[in-house]
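1. sequence and predicted structure are below.
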Amino acid sequence: METSNSGKGVDRLGENHMGSGVIHLLVNPAEKPLFLLFLIFLLYALVDLVSTFILFGEIDGWEMALFHFIAGYLMISLYFTLVLPEYFLYKRRFRAVIYFLVLLSALVLVKLLVYNLFVGELSLSRNFLVYEFNRVFHFLIITSVVWTFYNNLKLGQRKYQVEMDHEQLKVMHRSMQLSSHFVLNSLSVYLARIIKLSPDLATEFTYLTSLLRYSFKEFGEPNFLKEEVKAVENYLQIQEMRFSRLSVTPEIEVPAIAEKLPMPKLCLLTLVENVFFHGAYTDADHPCMIKFLLIEEESTGDWEFTVNIANKIQGLGVKPRSGFGASSVFRVLSNEFGEGFQYKVQSDESSYSLQLIIHYGKAVQNRPD
């Protein structure tokens, strides 16, 4: 990818990312639970101050109000990150209870100290302890609810990631049949001999070698839309040589920016392969449509990639499935692009159609190498 030569431009981009990050955090506070708790505490403090002003016409004791806010937030932060995990995740419940009692005791003692230093004399009494516990109790309940929600969210994310890793392992297994170096080097030897006999045949042979080289690419390496589209084109060239009555209409319009746009390996190729696996690809009355279109939206400058696939379904019975099909592709793309990915499938006994949209946005153009 291109690297900007202007330091000033990079600074502006960094500011934009920082600003967008703050806005995203404000719009989605649940992604940072401590920040969400901070907002709850802040809202409570503001409501308390406004209520006090309405009732009494003035607000006294700003120092103690600020202390209550800071000390209370620090306590629930430690309760959130230390006590609750110890009790529920690590099952060290005795230790969790000790931590909680230490936190509560520290809060009471610090409050007594601060009050006696800056406000007036205050003794450690039963009424004081009951009052302080009631003050803290409802915040502990709110904190526990937020922790439970956040922990369940993380468990769901971890489960989804495990499933995604499993899908990736299945894909990797498909390319572990032979050493990639052995296969590609052997094909290079054959290509060198073929080109002496027939340049045209050598050109056709390169479709296969290029496709195999791409399939052997490591999954951990960055992969881009241009590479995936090129693999699809090579695949279609090979199928055209295999089937004399092939009835497939490919329309591929992908500009050079696709070299910078990410695309998980084999996803588009799998969708196209399904056309030949399930579709009636030799029926001239119902040609299969495969359309890739990458355009820049005029109003926003964002890049949007659209896939449209439509085909008549074969009536030759059910073929055995490989275990990695369209549903797995959708899961991989959803994990990669999040809300920027949408798809719609319409299928019955005779026909199948798919519309797939990936919204890349404009920021990808400015990514450094």
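-> Received the coordinates, thanks.

2. quick one, helices of the chain?
-> Taking DSSP state H to define them, one finds helices in the chain at 7-27, 33-56, 62-78, 84, 93-118, 126-174, 180-197, 199-215, 225-242, 267-278, 326-337.

3. in CSV, list these along with mean pLDDT, distance to residue 291 and mean neighbour count.
-> Every C-beta, even on glycine, is put in place using the N, C-alpha and C of the backbone. Listed next are the helices of the chain as CSV, based on pLDDT from 0 to 100; distance: least, CB to CB, whole Å; neighbours: other CB atoms under 10 Å:
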stretch, mean pLDDT, distance to residue 291, mean neighbour count
helix 7-27, 46, 32, 11
helix 33-56, 82, 44, 14
helix 62-78, 82, 52, 16
helix 84, 92, 52, 22
helix 93-118, 86, 58, 14
helix 126-174, 79, 24, 13
helix 180-197, 82, 31, 12
helix 199-215, 90, 20, 15
helix 225-242, 95, 11, 18
helix 267-278, 93, 11, 20
helix 326-337, 92, 16, 18
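
4. can you redo the ones you listed as TSV with distance to residue 294?
-> TSV is the format used below for the helices of the chain (distance: least, CB to CB, whole Å):
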stretch	distance to residue 294
helix 7-27	23
helix 33-56	37
helix 62-78	46
helix 84	47
helix 93-118	54
helix 126-174	24
helix 180-197	29
helix 199-215	19
helix 225-242	7
helix 267-278	12
helix 326-337	14
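
5. between these, which one is closest to residue 351.
-> Proximity to residue 351, assessed across these by CB to CB, is greatest for helix 267-278 (10.7 Å).

6. follow-up on the earlier one: can you tell which of the helices of the chain is closest to residue 292?
-> Nearest of these (CB to CB): helix 225-242, 6.1 Å.

7. now do the closest one against helix 199-215, angle only.
-> 130 degrees (axes from the mean of the first three to the mean of the last three CA atoms, to 10 degrees).

8. so which elements touch helix 225-242?
-> If you count contacts as 3 or more CB pairs under 8 Å, 6 or more residues apart in numbering; DSSP states H and E, helix 225-242 packs onto helix 199-215, strand 248-253, helix 267-278, strand 288-296.

9. between these, which one is nearest to residue 344?
-> The nearest among the helices and strands packed on helix 225-242, by CB to CB, is helix 267-278 at 13.4 Å.

10. can you give me the end-to-end distance of stretch 167-186?
-> 30 Å (CA to CA, to the nearest Å).

11. rewinding a little: let's have the helices and strands packed on helix 225-242 in CSV, adding distance to residue 347.
-> Formatted as CSV, the helices and strands packed on helix 225-242 follow (distance: least, CB to CB, whole Å):
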stretch, distance to residue 347
helix 199-215, 27
strand 248-253, 18
helix 267-278, 10
strand 288-296, 14
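
12. so which of the ones you listed comes closest to residue 164?
-> Nearest to residue 164, of the helices and strands packed on helix 225-242 and by CB to CB, is helix 267-278 at 12.7 Å.

13. and the angle from the closest one to strand 288-296?
-> 160 degrees.

14. quick thing: my sequence starts at 16, can you match it?
-> Okay, using 16 as the starting number, the last item reads as helix 282-293.

15. got the contact list for residue 144?
-> Counting by CB atoms under 8 Å, 6 or more residues apart in numbering, residue 144 touches residue 123.

16. same thing with residue 293?
-> Counted by CB under 8 Å, 6+ apart, residue 293 has contacts 326, 328, 329, 334, 367.

17. run a quick neighbour tally on the second one.
-> What that stands for is residue 328. 15 (other CB atoms under 10 Å).

18. give me the pLDDT for it.
-> Residue 328 is assigned 91 on the pLDDT scale.

19. in the sheet, who's paired with it?
-> Legend: beta-bridge partners of residue 328 under DSSP bridges are residue 294.

20. for residue 362, see how far away it is.
-> 8 Å (CB to CB, to the nearest Å).

21. now the first one
-> When distances are taken as CB to CB, residue 326 and residue 362 turn out to be 10 Å apart.

22. those two - which one has more neighbours?
-> More crowded of residue 326 and residue 362, by other CB under 10 Å: residue 326, with 24 against 12.

23. quick one: contacts for that one?
-> Counted by CB under 8 Å, 6+ apart, residue 326 has contacts 290, 293, 294, 295, 296, 301, 303, 304, 366, 367, 368.

24. excluding covalently adjacent residues, which one is nearest to it?
-> Spatially, and ignoring its direct neighbours in sequence, residue 326 is nearest to residue 294 (3.4 Å; CB to CB, 6 or more residues apart in numbering).

25. didn't that neighbour look like it was pressed against residue 369?
-> No - the criterion here is CB atoms under 8 Å, and residue 294 misses it with residue 369 at 11.3 Å.

26. point out where the stretch 266-384 of the chain drops to low pLDDT.
-> Applying pLDDT under 70 to the stretch 266-384 of the chain picks out residues 331-339, 377-384.

27. repeat the analysis, applying 50 as the threshold.
-> Within the stretch 266-384 of the chain, the segments meeting pLDDT under 50 span 335, 337-338, 378, 380-384.

28. now, which of the contacts of residue 326 sits nearest residue 83?
-> residue 368 (61.1 Å).

29. how close does the closest residue to that closest one other than its chain neighbours get to residue 211?
-> Nearest residue to residue 368, sequence neighbours excluded (CB to CB, 6+ apart): residue 325, at 4.2 Å. Residue 325 sits at a distance of 43 Å from residue 211 (criterion: CB to CB).

30. same deal with residue 127?
-> 94 Å.

31. ok, residue 130 next?
-> Plainly put, residue 130 is 95 Å away from residue 211 if you go by CB to CB.
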